[in-house]
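> For reference, the sequence and a predicted model appear below.
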Amino acid sequence: MADGIAGAAGVPTLAPMAFAEAAESGTPEGGEVTKVITGHLASGVADFVYLPVEVPRGVNQISVSYTYDEPPVPAGTPGNSCDIGLFDERGTALGGRGFRGWSGGARAAFVVNSDSTTPGYLPGPVNHGTWHIVLGPYQVAPQGMEYSVSVTLRYGAPGAPFVPSYPAERAKGRGRAWYRGDAHLHTVHSDGRRLPSEVAAGAREAGLDFIVSTDHNTSSAHGVWGPYAGPDLLIVTGEEVTTRNGHWLALGLEPGAWIDWRYRARDDAFSRFAHQVHRQGGLVVPAHPYCPYVACQWKFGYADADAVEVWNGPWTYDDESAVDTWDAMLGTAMRTGNDWLPAVGNSDAHGAPQVIGLPQTVVYAEDLDRGAVLNGIREGRTYVAESAAVALAFTATGGGRRAGIAEALRLRADTPVDVRLEVSGVPDGTVRFITDEGQTHQESLDASGSGTVVWRTTASLAAYVRAEVRHPRADGTPGRGNTTGRDLQWGPMAALTNPIILRLRD
Ligand SMILES: [Zn+2]
Ligand SMILES: [Zn+2]
């Protein structure tokens, strides 16, 4: 516990910072008053510590800046890092109405008022009442953290209200077709370095049809996307809900809606917020479930999830783990008969040199609108590709019928099924067909990167079949995807599909 921290009901709360009304303090219209608090947070402090700020009447702006020390620590030991955010006079209740913004560890200062609020924070009046600055000491060095928070109130009449411009819910589609999108992107509204205009331009350059805005823990970007959407680019509002027990994407939030992040797996709060997203027609998608950074590994399970992000940014070993876990869940779904969980992939790009659309989720949707794209993702009618240069067509044909990605064939046990993958855009790539038994077929493409691979199976041999296309290994060989060794026996991912299901008919 840190010095000077009290608080009811287990909410760690510092001593309040009180400001007088302008008349009492003699501060003129437009005048400012600053107060500073310093303190020490020990290792073992709670996830969030609240600093109450008593805001009097007649205030039109609150400005906050903070610093903390960074004492040296041995390699591999967490050093100090502290997030920050703000709740207004409507309170700090979990999922309540008082949320006014979050900048995580991305900014040392922010300003909240009616018309020129710092990105990440929600513009609006600075009403009289008890506000709270929330400190999130997510890593504390063994020596503890010395912090200082400075709060400045400006007195005066409120400015003109901010008028949000939300993006249109539909773009000009091609009817029922495959649409490419990146559903995990950051801007300056959280810790990204790109402006919303730059993200939209990057999405167009990458050949994307849609993006989802997923800044960490805030909805503040929602109201600025309007001018950057267009007939050629659908922009869907969302959030990356960044908890201490993993991150999840809330895709397709109602514009302006915010989802709370202040809970761990043991707090039994996640389902409540997953339901909040579902009620809005949105999707719950655990992100980068094996990312090794502190607080980034997924601990909430998949019962409330609509899809899982198995591929996040350039292909790395934690993505292999995510694909393995997802594949095992496909097997479980075949056993229980429950819905299987679709896979998606997104860039999570924060700024150059991270590439928007690397990778991207390609969705078979009824049209290019929010509802249709979310439906396609929910139903798993998707594949993931490293860029718009990579295209797949994946089918299974048997018993006179043909099924595509996320569809099912119902067949007698021994009816032949031809599984067919058409690929373009992966020079010297290797196609892997993977069933509930593991990799059952492998074939390499030539230097053109295009080709068609056909493999015959039956419903008795394969409960599902999915495809991966891999780049060559570092030594230039395709590897052998059903063996083991000191190194991974296959190269980095270029594309992967959701499964086609082969059901047994008696
Ligand atoms: Zn994340
Ligand atoms: Zn992210």
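On my side now, so go ahead. Ligands and ions are numbered 1, 2, ... in the order given.

> alpha carbons only for contacts and neighbour counts from here, please
Noted.

> For the helix or strand of the chain with the lowest mean pLDDT, which outside residues touch it?
Lowest on mean pLDDT, DSSP states H and E among the helices and strands of the chain sits helix 22-25, with a mean of 79. Contacts with helix 22-25, where a contact means Cα atoms under 8 Å, 6 or more residues apart in numbering, come from Pro28, Glu29, Gly58, Tyr155.

> now do 10 Å
Identification of contacts with helix 22-25 by Cα atoms under 10 Å, 6 or more residues apart in numbering yields 19, 28-33, 56-59, 154-156.

> and if you look at stretch 198-208?
179-182, 185-187, 192-197, 209-211, 213, 225, 227-230, 232-235, 349-351, 355-358, 360-362, 387-389.

> circling back to that earlier point, looking at the contacts of helix 22-25, which is nearest Arg401?
Arg401 lies nearest to Val59 out of those, by Cα to Cα, at 69.2 Å.

> Weed out the non-buried ones from the contacts of stretch 198-208.
Neighbour-count burial (16 or more other Cα atoms under 10 Å) applied to the contacts of stretch 198-208 gives 179-182, 185-187, 192-196, 209-211, 213, 225, 228-229, 232-235, 349-351, 355-358, 360-362, 387-388.

> Span of stretch 256-276 from start to end?
End-to-end span of stretch 256-276 (Cα to Cα, to the nearest Å): 14 Å.

> same question, stretch 438-449
24 Å.

> Find out how far it is from the centre of the chain, if you would.
31 Å (Cα atoms, centre = their mean, to the nearest Å).

> Equivalent analysis for stretch 63-79, please.
25 Å.

> on that earlier part again, so which of the buried ones among the contacts of stretch 198-208 sit within strands?
Secondary structure from DSSP state E places 179-182, 185, 210-211, 213, 234-235, 360-362 of those in strands.

> Name the nearest of these relative to Val453.
Val362 (20.1 Å).

> residues in contact with the spatially closest residue to the closest one that is not a sequence neighbour?
The shortest distance from Val362 to any non-neighbouring residue, by Cα to Cα, 6 or more residues apart in numbering, is to Arg180 (4.3 Å). If you count contacts by Cα under 10 Å, 6+ apart, Arg180 has them with 203, 206-211, 357, 360-364, 368, 373, 382-385, 387-388.

> Kindly write the ChimeraX command that selects the buried subset of the contacts of helix 22-25.
Buried residues among those (16+ other Cα under 10 Å), as a ChimeraX selection:
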select :19,32,56,57,58,59,154,155,156
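
> Take the contacts of helix 22-25 and write them to JSON lines, including secondary structure and pLDDT.
Shown next, in JSON lines, are these (DSSP: H, G, I helix; E, B strand; the rest coil; pLDDT from 0 to 100):
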{"residue": "Phe19", "secondary structure": "coil", "pLDDT": "93"}
{"residue": "Pro28", "secondary structure": "coil", "pLDDT": "84"}
{"residue": "Glu29", "secondary structure": "coil", "pLDDT": "83"}
{"residue": "Gly30", "secondary structure": "coil", "pLDDT": "84"}
{"residue": "Gly31", "secondary structure": "coil", "pLDDT": "93"}
{"residue": "Glu32", "secondary structure": "strand", "pLDDT": "95"}
{"residue": "Val33", "secondary structure": "strand", "pLDDT": "96"}
{"residue": "Pro56", "secondary structure": "coil", "pLDDT": "96"}
{"residue": "Arg57", "secondary structure": "coil", "pLDDT": "95"}
{"residue": "Gly58", "secondary structure": "coil", "pLDDT": "95"}
{"residue": "Val59", "secondary structure": "strand", "pLDDT": "97"}
{"residue": "Arg154", "secondary structure": "strand", "pLDDT": "97"}
{"residue": "Tyr155", "secondary structure": "strand", "pLDDT": "96"}
{"residue": "Gly156", "secondary structure": "coil", "pLDDT": "95"}
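
> Would you format the contacts of helix 22-25 as CSV with distance to Ser460 included?
Listed next are the contacts of helix 22-25 as CSV, based on distance: Cα to Cα, whole Å:
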residue, distance to Ser460
Phe19, 74
Pro28, 82
Glu29, 80
Gly30, 77
Gly31, 78
Glu32, 76
Val33, 75
Pro56, 73
Arg57, 73
Gly58, 74
Val59, 72
Arg154, 73
Tyr155, 75
Gly156, 75
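
> Where does Phe273 sit: helix, strand or coil?
Secondary structure, DSSP: H, G, I helix; E, B strand; the rest coil: Phe273 is helix.

> Correct me if wrong: it contacts Thr243.
No: using Cα atoms under 10 Å, Phe273 makes no contact with Thr243, being 11.9 Å away.

> Next, show the common contact partners of these two.
Contacts common to Phe273 and Thr243, judged by Cα under 10 Å, 6+ apart, are Asp260, Trp261.

> Between these two, tell me which one has more neighbours.
Thr243 (23 against 19; other Cα atoms under 10 Å).

> Leu374 looks like it's in a helix, true?
Yes: counting by three-state DSSP, Leu374 is found in a helix.

> nearest residue to Gly425 other than its sequence neighbours?
Val390 (4.4 Å).

> ok, now Met17?
Counting by Cα to Cα, 6+ apart, the residue nearest Met17 is Val53, at 4.8 Å.

> and that neighbour, what are its bridge partners?
Listed beta-bridge partners, Val53: Met17, Trp131 (assigned using DSSP bridges).

> State the distance from it to Glu146.
Val53 is 20 Å from Glu146, by Cα to Cα.

> right, and the helix or strand after the longest helix anywhere in the chain?
If you go by DSSP state H, the chain has its longest helix at helix 317-336. Next in sequence after helix 317-336, counting helices and strands by DSSP states H and E, comes strand 343-346.

> Which parts of the stretch 401-506 of the chain are strands?
401-404, 408-411, 417-424, 430-435, 438-444, 451-457, 464-470, 493-497, 500-504 (DSSP state E, counting those that start in this stretch).

> Packing partners of the fifth one?
Right, the one you point to is strand 438-444. strand 430-435, strand 451-457, strand 464-470 (3 or more Cα pairs under 10 Å, 6 or more residues apart in numbering; DSSP states H and E).

> Mind putting these into CSV with distance to Pro342 and mean neighbour count?
CSV is the format used below for the helices and strands packed on strand 438-444 (distance: least, Cα to Cα, whole Å; neighbours: other Cα atoms under 10 Å):
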stretch, distance to Pro342, mean neighbour count
strand 430-435, 15, 24
strand 451-457, 23, 16
strand 464-470, 11, 25
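
> List just the one of those strands that sits closest to Val11.
strand 464-470 (47.6 Å).

> List the contacts of the nearest residue to Phe162 once chain neighbours are set aside.
Using Cα to Cα, 6+ apart and skipping residues adjacent in sequence, the residue nearest Phe162 is Asp115, 5.4 Å away. By Cα under 10 Å, 6+ apart, the contact set of Asp115 is Gln61, Leu122, Pro123, Gly124, Pro125, Pro158, Gly159, Ala160, Pro161, Phe162, Val163.

> PyMOL command to pick out the buried ones of those residues?
The buried residues among the contacts of Asp115 can be selected in PyMOL (16+ other Cα under 10 Å) with this line:
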select buried, resi 61+122+123+124+125+158+162
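
> Tell me the one among the contacts of Asp115 nearest to Val323.
Leu122 (37.0 Å).

> For Gly136, see how far away the closest one is.
Leu122 is 19 Å from Gly136, by Cα to Cα.

> now do Ala200
Where Gly136 is concerned, Ala200 sits at a distance of 31 Å (Cα to Cα).

> Comparing the two, which shows the higher neighbour count?
Here Ala200 and Gly136 are set side by side on neighbour count (other Cα under 10 Å), and the busier one is Ala200, at 25 against 20.

> Using the three-state scheme, assign that one.
helix.

> ok, now the one 3 residues further on?
When the structure is reduced to helix, strand and coil (three-state DSSP), Ala203 reads as helix.
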